[in-house]
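>>> this one's sequence-less:
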């Protein structure tokens, strides 16, 4: 039995707090120190190519970044990338979850093969698509186009952002499938059978029974994917390097350019703060959406 002190706290409770303190302290330092340094550098003149230019910059780094057309192009690309990948993965994941819920020969193997791309590292995935699938001379897609009489397509020059969307969607579609297929396991088959007996067809069952049942799972998929999709970097770095021009430069890659190519740490830090603000706005919106669905 725990001994009670005059303050009302138990000795056991204090021991638990003491055990948790190192881990919590390390976690706070891990988050607060980088955030504090980013905020500090965003208000400083700090360019490694101009070491003599130092001191407090005020909001000049933010003014420079906010008036730079590259920022708005990067934010537009980020929104397009996130929006299209979410649309493809949610719609495709829902349809595949319904398909893999049906009984057919080899269903277990098909499920494993459909989910496996999610476990491929982003860099490896980008290299596979760049050199084996979308290569203008030796790629599988070029061979398919030429086999039906169409000219080969240089994907990363003609359709750069579309190419990135395809690669990222291929990686995240299995994640959506996994979550939605798991949610499908709890669908009441008696309800579906009753609907069939009442004359409901497959389309009516999908829209009025299956889709409402998957609403919470879809909200979770959107929340998790959106947080990660805002920071897509490896696929862009390996395939297009943000080009042609700024055609595939998102916010994360723009920060990389400012920090490690232009060596402008102050402006890059300001971009990092803007990215943090944007991510938190999105997170607040998504958490409220998921909480509302859970309440319903």
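Received the coordinates, thanks. Just so we're clear, the structure is a prediction, and the values are computed from it rather than from any experiment.
>>> which residues touch residue 127?
Residues touching residue 127, when contacts are defined by C-beta atoms under 8 Å, 6 or more residues apart in numbering, comprise residue 238. Glycine gets a C-beta too; all of them are placed from N, C-alpha and C.
>>> Quick check: it is in a helix.
Yes: under the criterion used here (DSSP: H, G, I helix; E, B strand; the rest coil), residue 127 sits inside a helix.
>>> What distance do you get for it to residue 134?
Separation of residue 127 from residue 134 (C-beta to C-beta, to the nearest Å) stands at 11 Å.
>>> Quick one: mean pLDDT for the helix or strand hosting residue 178?
For residue 178, the element it lies in under DSSP states H and E is helix 160-184. What helix 160-184 shows for mean pLDDT is 95.
>>> Buried ones in that helix, by neighbour count?
Of the residues in helix 160-184, those buried by neighbour count under the rule 16 or more other C-beta atoms under 10 Å are 160-161, 163-181, 183-184.
>>> And stretch 237-248, by the same measure?
237-240, 242, 246-248.
>>> do the same with stretch 121-130
By neighbour count, with 16+ other C-beta under 10 Å as the criterion, the buried positions of stretch 121-130 are 122, 125-126, 129-130.
>>> Where does pLDDT dip in the stretch 51-200 of the chain?
The stretch 51-200 of the chain contains no residues with pLDDT under 70.
>>> May I have the phi/psi pair for residue 224?
Summarising the backbone geometry of residue 224 under the convention degrees, to the nearest 10, its torsions are phi -70, psi -50.
>>> how much space between it and residue 117?
Residue 224 sits 17 Å away from residue 117, taking C-beta to C-beta as the criterion.
>>> swap in residue 67?
Computed with C-beta to C-beta, the distance linking residue 67 and residue 117 is 41 Å.
>>> Kind regards, and thank you for your time.
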